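Engineer: When you get a sec, could you give me coordinates for this:
(2 chains)
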Amino acid sequence: MTTIAQTRNLPAGQTIRLGISRVSYEVRTYFRQGDAVFFTFLFPLVMLTIFSVAFSEQSFGKDAAGTTVTAAHFYLPGMLAAGLLLSGLQNMAIDIAHEKSDGTLKRFAGTPLPVLSYFIGKIGQVFVTGALQATLLLVVAGLVFRVPLPTEPSQWVTFVWVFFLGVTTSAVLGIALSGLPRSGKSATAVIIPIALVLQFISGVYLGFSQLPVWLQNVASIFPLKWMAQGMRSVFLPSNFEALEPGAHWDLGGVAIVTGIWLVVGLIVCRVTFRWIRKDS
Amino acid sequence: MTSADPVVSVHDLRKTYGPLAALDGVSFDIQRGETFALLGPNGAGKSTTIEILEGYRDRTSGEASVLGIDPSAGGLAWKARLGIVLQSTGESGNVTVREQLSHFAGFYPNPRSVDEVVVAVGLEDKEKTLIRKLSGGQRRRVDVALGIIGRPELLFLDEPTTGFDPEARRQFWGLIRSLKNEGTTILLTTHYLDEAAQLSDRAAVIAGGKLIAIGNIGEIGGVAARIPIVRWREGDAIREQRTHTPTIVVAELVKQHGEVPDLEIIRPSLEDVYLEMLGENTTIELEPAL
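Structural biologist: Residues are numbered from 1 along each chain as shown, chains lettered A, B, ... in the order given. You can find the predicted model right below:
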């Protein structure tokens, strides 16, 4: 009758199998929430459209061949980075804060669902929705706004690793931040301002090179600035590298700072996440 | 653990929040296959007790064992043997009844079939409906369905029929009886005393964090509390007499008065016995607040 003997009775691979089953459940329920789909999934596309239309007469510089860079071209990397932040951090933090307060997590706590399977489900949902969102942005930018997309395979390799590192870090930080709102009702009010300030100082809505140096330095502490920089290195013409801090895309910095935030996020999740707060 | 060991065993269970004693030394056992009702007013300690046994709360002191395991240290394999129906929750419910049941069935090693459970809770017409579009009583039935989908050995039912219409309640009683026939051990809390009387083998009454009565459902509260009462009106006064021979009492009343106004013979139900018990224990109930 020992606990250990009984634990062995649960089938091996259960955590992974249930994690995968959670991913499909999470993705299905995500797309059934109208507000989440709009504010996290479609929002970057809406912003890209607004900027392209509003600044359609404006020039954002020229590439090495002298072709004018359009608003859609200039804003595409920022919107891809914003998508990572919204689909990961904002979506997870609000979603899990809601699930904490509406009893979803309490119900799971009484079932044999492993916490790790739940996390796999959440991160998997962010992967799937984030990838769809990025694809949608690229397709609309390319087909509707005629943004020239990179042709070099090496640039797409950079895109893929920046996307995966960024989306994972963002999702993990969202799980870590889900403990911050005191209730599900306050979740939106607590999380959205954090995400919004980050977007304004990290080169999503405002060109990063136009910000004062001290603000650039503040933004450099946080991962979004680096995700946006990684995306700019992929999608902007190579002569735009001169506008970056240190006139350098600094992909090493992108990997290191984002990676550090990933580790910090994982530690915070591991230490603070509980199905329920006992005796609260 | 052998079949003779109790499924739930609680000894001198205590739970304090600062100076407040929510549970003040509660002891009881539940045997395998038994349906046990935990009764008591709101705030008496029923939910605290059940949540300690479900592993949701830690006890301050005392002993507790559920399926041979200390519930404060129960792992996933232990949870796989339990079914828990919490007091109502407010989940967003963006899944259909069938999706939710199939998903939860996957958590357990030997689940019931989704079809069987959908029929058992009477939701076969609603299985393709999103849970958020169901009525309160229908959502409650989904809670019950999720509690039994894993084929639990021990089922916790915390006020399971809140929001049910009378027909749904009868149907639920039938479901509980069939679970009982399959050998499921059930711990039930309810505000409906007729429900406790219908379903349970034994009951305990908690008031003010203390167990004030425990026994078979037909005997709880003692023999004296179940003696029939003859009640009638004399002028403006209501008279009552407790008697084992109500027919003879009534015959004598008829002999003295002829037609007896407002005559009633009352066989105290569980509810009457329970209310009388709590009436005697109001002082105990107030203690923790002091």
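Engineer: all contacts plus neighbour counts: C-alpha atoms, from now on.
Structural biologist: OK.
Engineer: Please enumerate the helices of the chain.
Structural biologist: In the absence of a named chain, chain A is used. Along chain A, the stretches classed as helices by DSSP state H are A:3-7, A:14-31, A:34-36, A:43-54, A:71-85, A:91-101, A:104-109, A:115-143, A:153-177, A:184-201, A:213-221, A:223-235, A:251-272.
Engineer: not quite, I wanted chain B
Structural biologist: B:46-54, B:76-79, B:97-105, B:114-120, B:136-148, B:166-181, B:193-199, B:246-257, B:270-280, B:282-286.
Engineer: Pull the distance from the first one to the chain's centre.
Structural biologist: Same thing as helix B:46-54. What separates the centre of helix B:46-54 from the centre of its chain is 12 Å, taken as CA atoms, centre = their mean, to the nearest Å.
Engineer: Then the fifth one?
Structural biologist: Its chain's C-alpha centre lies 16 Å from the corresponding centre of helix B:136-148 when counted by CA atoms, centre = their mean.
Engineer: now do the fourth one
Structural biologist: How far helix B:114-120 lies from its chain's middle: 23 Å, per CA atoms, centre = their mean.
Engineer: Go through it and flag the buried ones.
Structural biologist: B:114, B:117-118, B:120 (16 or more other CA atoms under 10 Å in any protein chain shown).
Engineer: burial measure for the residue in chain B that chain A sits nearest to, as a count.
Structural biologist: With CA to the nearest CA as the measure, B:Leu76 is the residue of chain B nearest to chain A, at 4.5 Å. Here the neighbour count serves as a burial measure; for B:Leu76 (other CA atoms under 10 Å in any protein chain shown) it reads 19.
Engineer: And B:Val254, by the same measure?
Structural biologist: With other CA under 10 Å as criterion, B:Val254 counts 12.
Engineer: Quick check: nearest residue in space to it, chain neighbours excluded?
Structural biologist: In this structure, B:Val254 finds its nearest non-sequential neighbour in B:Val260, 6.4 Å apart by CA to CA, 6 or more residues apart in numbering or on different chains.
Engineer: how close does the one you found get to B:Val249?
Structural biologist: According to CA to CA, to the nearest Å, B:Val260 stands 12 Å off from B:Val249.
Engineer: Same check on B:Asn42?
Structural biologist: Going from B:Asn42 to B:Val249 by CA to CA gives 38 Å.
Engineer: between the two, which one's more packed in?
Structural biologist: Neighbours were counted for B:Asn42 and for B:Val249 using other CA under 10 Å; B:Val249 has more, 15 against 12.
Engineer: residue contacts, the more buried one?
Structural biologist: Contacts were defined as CA atoms under 8 Å, 6 or more residues apart in numbering or on different chains; by that measure B:Val249 touches B:230, B:243.
Engineer: same question, A:Ser220
Structural biologist: Per CA under 8 Å, 6+ apart, neighbours of A:Ser220: A:202, A:226.
Engineer: what about the closest residue to chain B within the stretch 1-150 of chain A, how many neighbours?
Structural biologist: The minimum distance from the stretch 1-150 of chain A to chain B, using CA to the nearest CA, falls at A:Pro112 (4.5 Å). With neighbours defined by other CA under 10 Å, the count for A:Pro112 comes to 22.
Engineer: Quick check, it in contact with B:Phe107.
Structural biologist: Yes - shown here, A:Pro112 and B:Phe107 form a contact pair, counting by CA atoms under 8 Å, at 6.0 Å.
Engineer: before we move on, back to that, what's the spacing between the residue of chain B closest to chain A and A:Thr15?
Structural biologist: In this structure, B:Leu76 and A:Thr15 are 11 Å apart, going by CA to CA.
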